[in-house]
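Peer 1: below: sequence and its predicted model.
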Amino acid sequence: MTTSEKVVDLLNQAALIPTDEKLAVLKQVQELIINKDPSLLDNFLDEMIAFQTDKSIEVRKFVIGFIEEACKRDNELLLRLIANLNMLLKDESVNVVKKAILTLTQLYRVTLQWLVRPKAVSDMQEACWDLVTQMKGDVLASLDSENDGVRTHAIKFTESLIITLSPRTSDSDIPKRQEGDISLDKVPKDHSYIRYDVLCEEGKSALEKLLKFMVHPAISSINLTTALGSLATIARQRPMFMSEVVQAYETLHANLPPTLAKSQVSSVRKNLKLHLVAVLKHPCSLEFQGQISTLLLDLGMPQSEITRSTPAVREQRKRPRHEQYTEGKKVKMDPIEDDEDKEEPAPLTAPKPAAVPVAQSAIDLTAEFLHPLLNPENVANLVLISMVYLPDVMPASFQATYTPVESAGTDAQIKHLARLMATQMTAAGIGPGGSQRPAPSDAQNEVLILMVGQAISVVGGYTEKVPAVEAPATVKRLPEPIVPTAQTKMTGASGRKKVFRLSDVIQPFSDTQIEKLTSRAVKRILHSEKAIAQSGMSHVRVKLLSRLVTQFEGMMKEDVLEFILDDIRTRSDLAFSLLYQEYNAYLSSSRNWCWRTR
Amino acid sequence: MPSHPLRVAVVCSSNQNRSMEAHNILSKRGFAVRSFGTGSHVKLPGPAPDKPNVYDFKTTYEQMYNDLVRKDKELYTQNGILHMLDRNKRIKSKPERFQNCKDKFDLVITCEERVYDQVLEDLSSREQETLQPVHVINVDIQDNHEEATLGAFLICELCQCIQHTDDMENEIDELLQEFEDKSNRPFLHTVCFY
């Protein structure tokens, strides 16, 4: 039997037999027509693809795998098969969709690589690229899917997309298996259809999307874990993004989603530690070593281990990639640099000639702003104010993750605290770094304190307190739509959040206290005789006093009588009013009595 | 019902007690299960806590059995080690090391936090190929016979519940929360990619 005959035979079998055996047969066919005799691939393509409508999920998943292998073997098949993959991407079964996303992750690279080789492409190839781009958009959109598994796979796709659509540099740490993969630096700038700058923008926007996804307050622990891993991979393969990655880690560390259960918090923190170490080991992490080390110390890693994971300092590196990676239409860093210039009008020192000036991030700005403000008095006040919002009992999740501050009061610790607070403030959109307006206006304390009240109310996660602003010159800005620490929804996590209730922090007065306060109030009104006479409201005062005294029991009456008798000539009107009110009261009580006795 | 049977791996440090107990029960219930150890060597209790019996991962259970019979049959019968080795050799010939296995699983269950860390470290160090996810769950089980049995039943119940979900990845979070509340043990859970 020739191979072709064998394939025909197997395909005939496959049409009739149940799923388990069908899969084994189809795998055999794939082996024969892709590996053993690829010339047959074209012949039997349609028959294989016909199985994409099979009732069994496993068979449909197999077809996706077949599409991937076939297209890798013969890129021309992309033209015929990409539409089928598109259909499977919208399959009703979630498992099929997830497999399709994984395949698209591979085939996006394959397609790009195939199409950039020639300078010009045919119409059909253009259509193929358009469809692939559309599918890419669909998968990015599924970061918002309702299904957790689909989101996880979408994150991995986004990771791969970011790496593909950004240039490889000499510092990129590429796994061996991916060395031949396409990346932006291999895309010609003069291609007839595929636009270099568009791809560059798409890569950056994908990263922005991923970062935004990570700060969603209701992100699941698995999505978060996946995203943390993706960021580490991105940082290692594309060191120009290391700054964003480190900042994202810092923000996350200070703002764990409150919807996580205690054990999920432990799992996420373990993962964060693992990935931070992976990033730390990369030679380009040099300038972020301080931040990363601080995070690792917070996560409980001993300093010795941190030092062991830190790469040896080879030479002083200038800050390269940020400034150089300004390709594409917009430059993210520029607005913040302008802000910095206007915030600090007096240049501090002449920029050092050797070092490239650092483009400061929003967090850096706010941290610098906060650092001098963290003197003992302010910090003590902050603690006192925040204590009102604390629950009675330390929550279990906080207790599990709490590590006592070792070097409290040292400059390093104050800097670290400023940075933590800055991270939270930037995430909430307040503070000089979070502002877009250059000139600071007056502090709008009420709004900020309101936000603070909301922010501190969350107790579940490992959060730091956002300060009530005492210092001036903070600019009010509309809070970001997603404020990580202030939100009230979510399922399963019952009783994990505590809203501030006034009744919890107040106590009722005792009787003596009430009496004391009332008599003091009455005395104040009595002694205000002259002032009120000047304003012409004496009759109001007289009426008020007499009514109060008559209606309520207590020492008030004696105080008022004493006052009147002190100077009865001038205070006669008060005396008469008092008598009048007393008589009224007597009449009404006797009338009541009469009615009752009838 | 899920589309295909769950491929489960159970991992402890020496692939003797906890993972093998779970392996036993799971395979009896029809799961596609394998078990592993993550330690650098296989350690079995010796005459004193600071004098364990140490073997290479290539040593078979049979060889370990014979070795211990030779050393002190009564002691090792009394503390149940021989019985355990006997059970183990009926399941497979020798312990396996997780780091040396390149097979892919849907679910990896570890029996101790240190083992969990080692598994994560190993999976993270591998180069990612297909991006197929694998869920890693840690259930703390003390390394003695009674706890191993209880733990094995818990793992089996967990696997059965997972197998019965329509969409494992979407429902596993909630499932684990329920298990945590029911068993009063904390579970660690993460995902790695092949």
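Peer 2: Looks like it arrived, so ask away.
Peer 1: now do the helix or strand residue A:562 falls within: everything it contacts.
Peer 2: Element membership for residue A:562 (DSSP states H and E) is helix A:556-566. Contacts to helix A:556-566, defined as Cβ atoms under 8 Å, 6 or more residues apart in numbering or on different chains, come from residues A:518-519, A:522-523, A:526, A:545-546, A:548-549, A:571, A:574-575, A:578. Placement of C-beta: from N, CA and C, glycine included.
Peer 1: got it, and stretch A:173-181?
Peer 2: With Cβ under 8 Å, 6+ apart, stretch A:173-181 has contacts from A:109, A:113, A:164, A:168, A:236, A:237, A:282, B:127, B:128, B:129.
Peer 1: in that stretch, what counts as buried?
Peer 2: Neighbour-count burial for stretch A:173-181, counted by 16 or more other Cβ atoms under 10 Å in any protein chain shown, picks out A:178, A:181.
Peer 1: about what we covered before: let's have the contacts of stretch A:173-181 in a markdown table, adding secondary structure and neighbour count.
Peer 2: Compiled in a markdown table, the contacts of stretch A:173-181 are given as follows (DSSP: H, G, I helix; E, B strand; the rest coil; neighbours: other Cβ atoms under 10 Å in any protein chain shown):
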| residue | secondary structure | neighbour count |
| --- | --- | --- |
| A:109 | helix | 19 |
| A:113 | helix | 17 |
| A:164 | helix | 23 |
| A:168 | coil | 17 |
| A:236 | helix | 24 |
| A:237 | helix | 22 |
| A:282 | coil | 19 |
| B:127 | coil | 9 |
| B:128 | coil | 19 |
| B:129 | coil | 13 |
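Peer 1: for chain B, see how far away residue A:181 is.
Peer 2: 12 Å (Cβ to the nearest Cβ, to the nearest Å).
Peer 1: quick one: that residue and residue A:82, what's the gap?
Peer 2: According to Cβ to Cβ, to the nearest Å, residue A:181 stands 19 Å off from residue A:82.
Peer 1: pick out the most distant pair among the contacts of stretch A:173-181.
Peer 2: A:113 and A:282 (25.9 Å; Cβ to Cβ).
Peer 1: so what's residue A:102 up against?
Peer 2: A:153, A:156, A:157, B:130, B:131, B:132.
Peer 1: hang on, I meant residue A:85
Peer 2: Residue A:85 is in contact with A:64, A:67, A:100, A:103, A:104, A:107, A:135, counting by Cβ under 8 Å, 6+ apart.
Peer 1: specify the local secondary structure of it.
Peer 2: helix (DSSP: H, G, I helix; E, B strand; the rest coil).
Peer 1: tell me how far it lies from residue A:95.
Peer 2: For residue A:85, the distance to residue A:95 - Cβ to Cβ - is 15 Å.
Peer 1: pull out the buried residues from stretch A:21-40.
Peer 2: Judged by neighbour count (16+ other Cβ under 10 Å), stretch A:21-40 contains these buried residues: A:22, A:23, A:25, A:26, A:29, A:30, A:32, A:33, A:34, A:40.
Peer 1: I should have written stretch A:146-155 there, sorry.
Peer 2: For stretch A:146-155, the neighbour count (16+ other Cβ under 10 Å) marks A:147, A:148, A:149, A:150, A:151, A:152, A:153, A:154, A:155 as buried.
Peer 1: where in the chain is pLDDT low?
Peer 2: As the question left the chain open, I've gone with chain A. A:313-360, A:395-407, A:433-500, A:554, A:593-598 (pLDDT under 70).
Peer 1: ah, no, chain B please
Peer 2: For chain B (pLDDT under 70), the answer is B:1-3.
Peer 1: if we use 50, what do you get?
Peer 2: B:1-2 (pLDDT under 50).
Peer 1: would you mind giving the domain segments of it?
Peer 2: B:7-39+B:97-193, B:42-91 (the TED database).
Peer 1: kindly list the longest helix within chain B.
Peer 2: helix B:145-164 (DSSP state H).
Peer 1: how much space separates the residue of chain A found nearest chain B from residue A:248?
Peer 2: Nearest residue of chain A to chain B (Cβ to the nearest Cβ) works out as residue A:149 at 3.0 Å. For residue A:149, the distance to residue A:248 (Cβ to Cβ) stands at 23 Å.
Peer 1: just residue B:11 next, same as before
Peer 2: Counting by Cβ to Cβ, the gap from residue B:11 to residue A:248 is 31 Å.
Peer 1: between the two, which one's more packed in?
Peer 2: Using other Cβ atoms under 10 Å in any protein chain shown, the more surrounded residue of residue B:11 and residue A:248 is residue B:11, with 29 against 21.
Peer 1: name the helix or strand for that one, please.
Peer 2: Per DSSP H and E: strand B:7-12 holds residue B:11.
Peer 1: contacts for that strand next, please.
Peer 2: B:18-19, B:22-23, B:26, B:31-38, B:98, B:103-112, B:115, B:119, B:141, B:143, B:155, B:159.
Peer 1: what strands flank it, and is each parallel or antiparallel?
Peer 2: Strand B:7-12 sits in its sheet next to strand B:32-37 (parallel), strand B:107-110 (parallel), going by DSSP bridges.
Peer 1: angle of whichever helix or strand comes after the longest one against strand B:32-37?
Peer 2: Spelled out, it's strand B:32-37. Sequence order places strand B:42-48 as the next helix or strand after strand B:32-37, per DSSP H and E. Computed by axes from the mean of the first three to the mean of the last three Cα atoms, to 10 degrees, the angle separating strand B:42-48 from strand B:32-37 equals 50 degrees.
Peer 1: in strand B:42-48, what counts as buried?
Peer 2: Buried residues in strand B:42-48, counted by 16+ other Cβ under 10 Å: B:42, B:43, B:44, B:45, B:46.
Peer 1: returning to that earlier point: and the following helix or strand past the helix holding residue A:562, what does it pack onto?
Peer 2: As assigned by DSSP H and E, the chain's next helix or strand after helix A:556-566 is helix A:572-597. Using 3 or more Cβ pairs under 8 Å, 6 or more residues apart in numbering or on different chains; DSSP states H and E, the elements in contact with helix A:572-597 are helix A:538-551, helix A:556-566.
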